[in-house]
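Trainee: let's see this in three dimensions:
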Amino acid sequence: MTDPEDLATQVREGDLRIHELEEHADHDTAAEARRLFVERETGTDLESIGDYTFPAERAEPNIENMIGAAQIPMGIVGPVDVNGDASGASDGGAADGEHYLPLATTEGALLASVNRGLGVIRTAGGADARVTKNGMTRAPVFRVNGVAEAAETVEWVNDNFDTLAEAAESTTSHGELLDIEPYVVGDSVYLRFAYDTKDAMGMNMATIATGEACEIVESETPASLVALSGNLCSDKKPAAINAVEGRGRSVTADVLIPGELVEERLHTTADAIAEANTRKNLTGSAKAGSLGFNAHAANVVAAAFLATGQDEAQVVEAANTITTMDARQREDGTSDLYASVSLASLEVGTVGGGTKLPTQSEALEILGLRGGGEPAGSNADALAEIIAVGALAGELSLLAALASRHLASAHEDLGR
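Mentor: Numbers count the residues shown, from 1 in each chain. Model (predicted):
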């Protein structure tokens, strides 16, 4: 067996590069050697980072230069009560019934707040949730000589969708090309490809498939590929196009809460919550020039992403959420509360990427959504719907705390 001490010494003396260690030892020994090297270089004790429970080889597709693992506290909230349609009716949701949602976070009071909202939603009979649109995008940018060549390229693409779809889909056994939307800016042509990637989040799938299609575009039109991603996708950045057109899954969840329940459990009124939402999430966000109009939807999405192995950089898309709260007046003059969240671009999957890591796989098992669904895509749809209801619960609880002026005292009570 290769000695990690010897490997660390070779790295320190320049005989080995830090990324070459797996060529000389198994993955765990390589990780230990890197820890020893870093400890000596920085004077840091990496005992906790090195205390991980899965074979380092399991993480090989997910990380380079591994030294250990970051441990983030994980809890559960729920049950998350989703009124779906397990029969698979065309107007039904993929998630149906009660689910426990794992959340990983370092923010105290978050899970307690979400759980409070979920309790109210459950007592109200559960929330409805639906994926309304699905399409993972990749938008290459091409160079042309001018507007005439741009128009020629766009016309060819529009007339030859089937040819491009055949090329793109030849790279994957699951992905399906749904649409190609062209955009012209001077001598640049952007083609926004959108794919149904089934239960995979699908970013790599979309990239590889689009690369194959781009070769056809280059051979049949005057356009020359400049970059496989032209940022009109748009990936891992705040972008209005994703807020409007969607990316990944567009999902909405809503619930109607009786006024008596609002007063009993949230210690405020439907009218007060609706006003707080309008003045804070709508007017305040508009004044700030925000792309998102919500209280903290990204909080729940980020915690769910970390727990279930999603691409954490894509949490930025959760900020596109729009939260609505309306007081619906009854004949007797009292009001019920209608609450909804609409997440335009929730990029999730239940296969591939970080979902294969041991703790993340277990978290998906808790949800009953590990791996591919039947039919294909149903597990990722269900995950999106459950996360949306969790985000709805977080919005409901925080807005109620603000409307009742209990936010600061709640944090004080929990010692956060």
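
Trainee: looking at this structure, which helix is longest?
Mentor: helix 378-403 (DSSP state H).

Trainee: could you give the separation of that one from the chain centroid?
Mentor: 13 Å (C-alpha atoms, centre = their mean, to the nearest Å).

Trainee: give the rounded mean pLDDT of that helix.
Mentor: Helix 378-403 comes out with an average pLDDT of 97.

Trainee: what comes up buried for it?
Mentor: Buried residues in helix 378-403, defined by neighbour count with 16 or more other C-beta atoms under 10 Å: 378-403. Using the backbone N, CA and C atoms, a C-beta is placed for each residue, glycine as well.

Trainee: kindly report the same for stretch 265-279.
Mentor: Applying 16+ other C-beta under 10 Å to stretch 265-279 flags Arg265, Leu266, Thr268, Thr269, Ala270, Asp271, Ala272, Ile273, Ala274, Ala276, Asn277 as buried.

Trainee: identify the residues contacting the nearest residue to the second one once chain neighbours are set aside.
Mentor: Nearest residue to Leu266, sequence neighbours excluded (C-beta to C-beta, 6 or more residues apart in numbering): Ala400, at 3.8 Å. Ala400 makes contact with Gly117, Val262, Leu266, His267, Thr268, Ile273, His406 under the criterion C-beta atoms under 8 Å, 6 or more residues apart in numbering.

Trainee: mind running it again at 6 Å?
Mentor: By C-beta atoms under 6 Å, 6 or more residues apart in numbering, Ala400 lies in contact with Leu266, Thr268, Ile273.

Trainee: quick one: the residue lying closest to Leu396 once chain neighbours are set aside from Ile208, how far?
Mentor: Excluding its sequence neighbours, the residue lying closest to Leu396 (C-beta to C-beta, 6+ apart) is Gly117, at 4.2 Å. With distances taken as C-beta to C-beta, to the nearest Å, Gly117 is found 40 Å from Ile208.

Trainee: of those two, who's got more company?
Mentor: Shown here are Gly117 and Ile208; by other C-beta atoms under 10 Å, Gly117 has more neighbours (29 against 15).

Trainee: the more buried one: which element?
Mentor: Element membership for Gly117 (DSSP states H and E) is helix 110-123.

Trainee: what average pLDDT does that helix get?
Mentor: 97.

Trainee: for that helix, name the packing helices and strands.
Mentor: Applying 3 or more C-beta pairs under 6 Å, 6 or more residues apart in numbering; DSSP states H and E, we find helix 110-123 packed against strand 74-82, helix 378-403.

Trainee: ok, now which ones touch Leu164?
Mentor: Ala213, Ile216.

Trainee: if we can go back for a sec, nearest to Arg138, of the helices and strands packed on helix 110-123?
Mentor: Between Arg138 and the helices and strands packed on helix 110-123, the shortest gap by C-beta to C-beta is with helix 378-403, which sits at 17.7 Å.

Trainee: coming back round to it: go ahead and confirm the residue nearest to Leu396 touches Leu399.
Mentor: No. The criterion here is C-beta atoms under 6 Å, and Gly117 misses it with Leu399 at 9.4 Å.

Trainee: only alpha carbons, please: show the host helix or strand of Asp336 as CSV.
Mentor: Assessed by DSSP H and E, Asp336 sits inside strand 335-346. Once non-C-alpha atoms are left out, strand 335-346 reads as follows in CSV (Å, rounded to 0.1, in the frame of the first residue of the first chain):
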residue,chain,number,x,y,z
SER,A,335,-61.1,37.0,4.9
ASP,A,336,-59.3,33.8,4.0
LEU,A,337,-55.7,33.9,2.8
TYR,A,338,-54.7,32.8,-0.7
ALA,A,339,-50.9,32.2,-0.9
SER,A,340,-48.8,31.1,-3.8
VAL,A,341,-45.2,30.9,-5.0
SER,A,342,-44.1,30.6,-8.6
LEU,A,343,-40.5,29.5,-9.3
ALA,A,344,-39.7,30.1,-13.0
SER,A,345,-36.4,28.3,-13.1
LEU,A,346,-36.0,25.5,-10.7
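
Trainee: the next helix or strand after it: which residues count as buried?
Mentor: As assigned by DSSP H and E, the chain's next helix or strand after strand 335-346 is helix 358-367. For helix 358-367, burial by neighbour count (16+ other C-beta under 10 Å) applies to Thr359, Gln360, Ser361, Ala363, Leu364, Ile366, Leu367.

Trainee: got a list of contacts for the helix holding Gly117?
Mentor: Here helix 110-123 has contacts from 75, 77, 80-81, 103, 127, 255, 261, 265, 299, 390, 393-394, 396-397, using C-beta under 6 Å, 6+ apart.

Trainee: counting by contacts, list what the strand holding Asp336 packs against.
Mentor: Using 3+ C-beta pairs under 6 Å, 6+ apart, strand 335-346 sits against strand 248-257, helix 259-266, helix 270-276, strand 322-329, helix 378-403.

Trainee: 7 Å instead?
Mentor: helix 240-245, strand 248-257, helix 259-266, helix 270-276, strand 322-329, helix 378-403 (3 or more C-beta pairs under 7 Å, 6 or more residues apart in numbering; DSSP states H and E).

Trainee: closest one to Phe193 among the helices and strands packed on helix 110-123?
Mentor: helix 378-403 (18.8 Å).

Trainee: now the angle from the closest one to helix 358-367?
Mentor: 80 degrees (axes from the mean of the first three to the mean of the last three C-alpha atoms, to 10 degrees).

Trainee: just use 26 as the starting number from now, easier for me
Mentor: Done: numbering now begins at 26, and the last item shifts to helix 403-428.

Trainee: quick one: average confidence on stretch 31-38?
Mentor: 94.

Trainee: starting at the chain centroid, how far to that stretch?
Mentor: Counting by C-alpha atoms, centre = their mean, stretch 31-38 comes out at 39 Å from the chain centroid.

Trainee: buried sites along that stretch?
Mentor: Applying 16+ other C-beta under 10 Å to stretch 31-38 flags Leu32, Ala33, Thr34, Gln35, Val36 as buried.

Trainee: and those residues as a markdown table, adding secondary structure?
Mentor: Output for those, formatted as a markdown table (DSSP: H, G, I helix; E, B strand; the rest coil):
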| residue | secondary structure |
| --- | --- |
| Leu32 | helix |
| Ala33 | helix |
| Thr34 | helix |
| Gln35 | helix |
| Val36 | helix |
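
Trainee: out of the residues you listed, which is nearest to Lys312?
Mentor: Nearest member of those to Lys312, counting by C-beta to C-beta, is Val36, at 53.1 Å.
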